[in-house]
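Participant: Quick one, fold the following:
(2 chains)
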Amino acid sequence: MTDIQRRELDVIVIGAGGAGLRAAIEASAQGAKVGLICKSLLGKAHTVMAEGGAAAALANVRSEDNWRVHFRDTMRGGKMHNNWRMAQIHAQESPDRIIELESWGALFDRTEDGRINQRPFGGHTYARLAHVGDRTGLEMIRVLQDKGVHSGIEVFMECTVISIPTVGGGAAGALAYWRENGRFIFFSSKAVVLATGGIGKAWKITSNSWEYTGDGHALAYEAGAELIDMEFVQFHPTGMVWPPSVRGILVTEGVRGEGGVLRNSEGKRFMFDNVPDMFKGDYAESEAEADRWVTGDRVNNRRPPELLTRDVVARAILAEVQAGRGSPHGGAFLDISTKQSAEYIKKKLPSMYHQFKELAGVDITREAMEVGPTTHYVMGGVKVDAETQESTVPGLFAAGEVAGGMHGANRLGGNSLSDLLVFGRRAGAGAADFAKKNGAAPRVPDAEIEANIAEALAPFDREKGENPFEVQAALQEVMQNEAGIIREEATLKRALAGLEKLKQRAAKVGVTGNREYNPGWNTAIDLKSLLIVSEVVARSGLERTESRGAHSRLDHQASDPKQERMEIAIKKEGSEMQVVRRRQPDLPPDLKKIIEEGA
Amino acid sequence: MAQRSIGIFRGTREEWRIREFLVEVDQGMVVLDVVHRIQATQAPDLACRWNCKAGKCGSCSAEINGHPKLMCMTRMSDYPEDHPITITPMRAFPVIKDLVTNVSRGYEINQRLPFFQPREPDFPDGSWRMYQYEVERAQEFRKCIECFLCQNVCHVLRTHDKHQEFIGPAFLVRAAVYEMHPLDTADRSAYLRQEGGIGYCNITKCCTEVCPESIHITDNAIIPLKERVADRYYDPLRMLWRFFTGGK
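Facilitator: Next up is the predicted model:
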């Protein structure tokens, strides 16, 4: 057997963003011996990039708010496709998770009477996002990181998991390699929590980092778990568009939450013309009304239509560009300089100010930003049990972006940070409980581990092989062009054909140098996950012959009532992807009533 | 678009050289874009850390012509076209490979730093009242993205190699988060004086100058912490009291 390191733990958590850290803290609190494995250094996970805030019906700013309103907003924002039980748990538990974070040292911005302040955001009826300026994610990760390292969790940094072997159908641990030296380590564990985040690196224009290659989705798929809702990929309406090298970097929705407006090249606030029927009457109908809301009278005025859900705003910007009314570099103008003072902007949106100043030479306190849609988040993911976050594979749990169901067809801004806390905790508890009930971790045959290692090392035998960076760029091109914001049968079929060719190219990639901190090799390994998730997205997208939420079909532009709450699930059968359609359970009458009659 | 010559440190501290690359540079590119282009086209095994590419994660710290910078926030246009650019790893840290350094010591320090201890909640639901003016002081330190550029330029660490004796500006900032947290009740002065080695800092403010988040490290974090330690250990009356009572 190759010389590999071995570790035995009760629970391993893969990914150290908000969900992974919260899961690890919980599992440890329940007495489990916990290992936290992360692809980057601790504290660098994608959560640090979250800007706007964490949604929780604390009712500090608007006393009318409560979990029912939050639940209703979430379901409507998700176009009724959400797992209702997850949306309910999320709305009910997120206030407690935020207060708990405060007890661990979080310093949220305050209201005048000294409570946690909340800001308005797209799709939320009331000001609901607990925030710290525009760096809420950084605050969360630092608090969880410090809490975590003082909770006896063992952290394995710059360690990438490449497979989750199963024994008798259940998860039995994880095989990983250290980035620093390229050596392998096998974690034997009773339960595994996936908290690996998303898949945004499969597109060319993205707000996501190099880590977001869909590892958790692919690991779960290979282990036999079901993936659901993968056709729903969120394109955030506001990414930077200029200069080219920064294209895709996120511009927080907080800009609109603080009063920023969207205009086309003719100076028109086009969102007033883009209010979907479902939300008619919920938004301001004139610029004057929207302005009054921004300047403070939020009881007698409705919020600006710029705060519609992300799917709606992204499509509206795209439509303006396609109609020839875009900004010089193919976006729309986002302007807060005319609505708030320079001092206020710098205080509430400091990193946006800094980001535009440093990277684009634009002073957002004096001029408009140019923004356009950027790949941001995947609503779909591993199918999980709402209570425990266990997947369809025993002992395998998932929380955060890698889990599916909570956000339905479109996620509301701010619901992600609270999702991480609520379901991270539940996954940690679920995994610790599973570990307690089950004895020693099952033994994985050496031959299986050997085979996985051989596959990972194969690119070294092909020094003259294809360049992995080129294959990755080609994949991003395919997904950007054929499975982007607007899809149709023809483009999705082209995507599948393109991916088929890329699979063959990926099988021939070669790397030079040795295993020590070698980005070429690391990229070659990540290709496997990228190819799996891209194919799952294209197949799911093909299967859903309607437009709903973030999934927009040019050839099926309306939502089809018959496909409402129809779930598309994908699972590995032999070496094939098996696609299953099934109806989700109906909402219980009390929840249905909340949706229909208001909270 | 222009071709530029970029020198990059390749190897380890023991065995290294500056390798020159000729690269196409497009409008608006930052230094990290150029490193990525070199990886993708010329040197796929060139090691560098990065994550967010937006100045929020603090992963891509390096020295550009000897100046400590985040590569993702440094525009190529800041350097005249006829001027060579050389990128080297942070000098105060051991090199793992190329631009990647070993920053593990920081994680050890953080684990030993006495953690947050809140006072009893103000209300039965477990919540507290804190006012904006109270939280702002500590919020400044929470802007730290752990890029370690301050550690890199601190002469106690960089020149005198006191990594074992002095936790450095980044972790004094971390201690300051909790020391100046309105709810915290722990006393970190013993830790800061002994293990933290706060006395080593002689307030040259190099750390403050390089902080990409513009945290006033010296004025707002280190000096107040020094004052707390001085009050606790070097106040003449307290010293007399300790002398007669035999306390610490």
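
Participant: and A:Glu463, what pLDDT?
Facilitator: Looking at A:Glu463, its pLDDT stands at 83.

Participant: Could you do A:Glu100 as well?
Facilitator: 96.

Participant: ok, now which ones touch it?
Facilitator: Counting by CB atoms under 8 Å, 6 or more residues apart in numbering or on different chains, A:Glu100 makes contact with A:Leu421, B:Gly126. The way it works is simple: take the backbone N, C-alpha and C, and place the C-beta from them, glycine included.

Participant: Please repeat the previous calculation with a cut-off of 10 Å.
Facilitator: A:Arg22, A:Ile25, A:Glu93, A:Ala106, A:Val143, A:Lys147, A:Leu421, A:Arg425, B:Gly126 (CB atoms under 10 Å, 6 or more residues apart in numbering or on different chains).

Participant: and whichever residue of chain B sits closest to chain A, helix, strand or coil?
Facilitator: For chain B, the residue closest to chain A is B:Gly28, as judged by CB to the nearest CB, at 2.2 Å. In three-state terms, and counting by DSSP: H, G, I helix; E, B strand; the rest coil, B:Gly28 is coil.

Participant: returning to what we had before: scan the contacts of A:Glu100 and report the most crowded one.
Facilitator: Ranked by neighbour count (other CB atoms under 10 Å in any protein chain shown), the contacts of A:Glu100 have A:Arg22 at the top, with 30 neighbours.

Participant: Look up how far A:Ile317 lies from the residue nearest to B:Thr88 when sequence neighbours are not counted.
Facilitator: Leaving aside its chain neighbours, B:Thr88 sits nearest to B:Phe9 (4.2 Å; criterion: CB to CB, 6 or more residues apart in numbering or on different chains). B:Phe9 sits 42 Å away from A:Ile317, taking CB to CB, to the nearest Å as the criterion.

Participant: Compare those two (neighbour count), which wins?
Facilitator: More neighbours surround A:Ile317 than the other of B:Phe9 and A:Ile317, with 27 against 21 (other CB under 10 Å).

Participant: Quick one: residues contacting the nearest residue to A:Thr166 once chain neighbours are set aside.
Facilitator: Distances taken as CB to CB, 6+ apart place A:Ala223 nearest to A:Thr166, at 5.3 Å, with adjacent residues excluded. With contact set as CB under 10 Å, 6+ apart, A:Ala223 has these partners: A:163-166, A:169-172, A:174, A:192, A:194, A:382, A:391-393, A:395-396, A:572.

Participant: With A:Leu587 instead?
Facilitator: A:Met75, A:Met80, A:Asn82, A:Trp84, A:Arg85, A:Ala87, A:Gln88, A:Arg565, A:Lys593, A:Ile594, A:Ile595, A:Glu596.

Participant: Quickly note the distance from the fourth one to A:Met566.
Facilitator: For A:Trp84, the distance to A:Met566 under the criterion CB to CB works out to 14 Å.

Participant: Tell me the helix or strand right after the longest helix belonging to chain A.
Facilitator: The longest helix of chain A (DSSP state H) is helix A:519-543. Per DSSP states H and E, the first helix or strand lying C-terminal to helix A:519-543 is strand A:552-553.

Participant: What average pLDDT does that following strand get?
Facilitator: For strand A:552-553, the mean pLDDT works out to 96.

Participant: for it, the distance to its chain's centre please.
Facilitator: The chain centre lies 20 Å from the centre of strand A:552-553; the measure is CA atoms, centre = their mean, to the nearest Å.

Participant: re earlier: chain B next: which of the contacts of A:Leu587 are close?
Facilitator: Here nothing survives when those are matched to chain B using CB under 10 Å from any CB of the partner chain.

Participant: out of those, which are buried?
Facilitator: A:Met75, A:Met80, A:Asn82, A:Trp84, A:Arg85, A:Ala87, A:Gln88, A:Arg565, A:Ile594, A:Ile595 (16 or more other CB atoms under 10 Å in any protein chain shown).

Participant: Pull the most distant pair out of these.
Facilitator: A:Arg565 and A:Ile594 (16.0 Å; CB to CB).

Participant: does B:Glu134 belong to a helix or a strand, and which?
Facilitator: Per DSSP H and E: helix B:132-142 holds B:Glu134.

Participant: Is that helix in proximity to chain A?
Facilitator: Yes: interface with chain A: helix B:132-142 contributes B:Gln132, B:Tyr133, B:Glu134, B:Val135, B:Glu136, B:Arg137, B:Ala138, B:Gln139, B:Phe141, B:Arg142 (CB under 10 Å from any CB).

Participant: Buried ones only from those residues, please, as a PyMOL command.
Facilitator: With 16+ other CB under 10 Å as the criterion, this PyMOL line picks the buried residues out of those:
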select buried, chain B and resi 134+135+137+138+139+141+142
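
Participant: Throw the residues of helix B:132-142 next to chain A into JSON lines and include pLDDT and distance to A:Glu516, thanks.
Facilitator: Output for the residues of helix B:132-142 next to chain A, formatted as JSON lines (pLDDT from 0 to 100; distance: CB to CB, whole Å):
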{"residue": "B:Gln132", "pLDDT": "96", "distance to A:Glu516": "48"}
{"residue": "B:Tyr133", "pLDDT": "96", "distance to A:Glu516": "50"}
{"residue": "B:Glu134", "pLDDT": "96", "distance to A:Glu516": "48"}
{"residue": "B:Val135", "pLDDT": "97", "distance to A:Glu516": "44"}
{"residue": "B:Glu136", "pLDDT": "96", "distance to A:Glu516": "44"}
{"residue": "B:Arg137", "pLDDT": "96", "distance to A:Glu516": "43"}
{"residue": "B:Ala138", "pLDDT": "97", "distance to A:Glu516": "40"}
{"residue": "B:Gln139", "pLDDT": "97", "distance to A:Glu516": "39"}
{"residue": "B:Phe141", "pLDDT": "98", "distance to A:Glu516": "35"}
{"residue": "B:Arg142", "pLDDT": "97", "distance to A:Glu516": "34"}
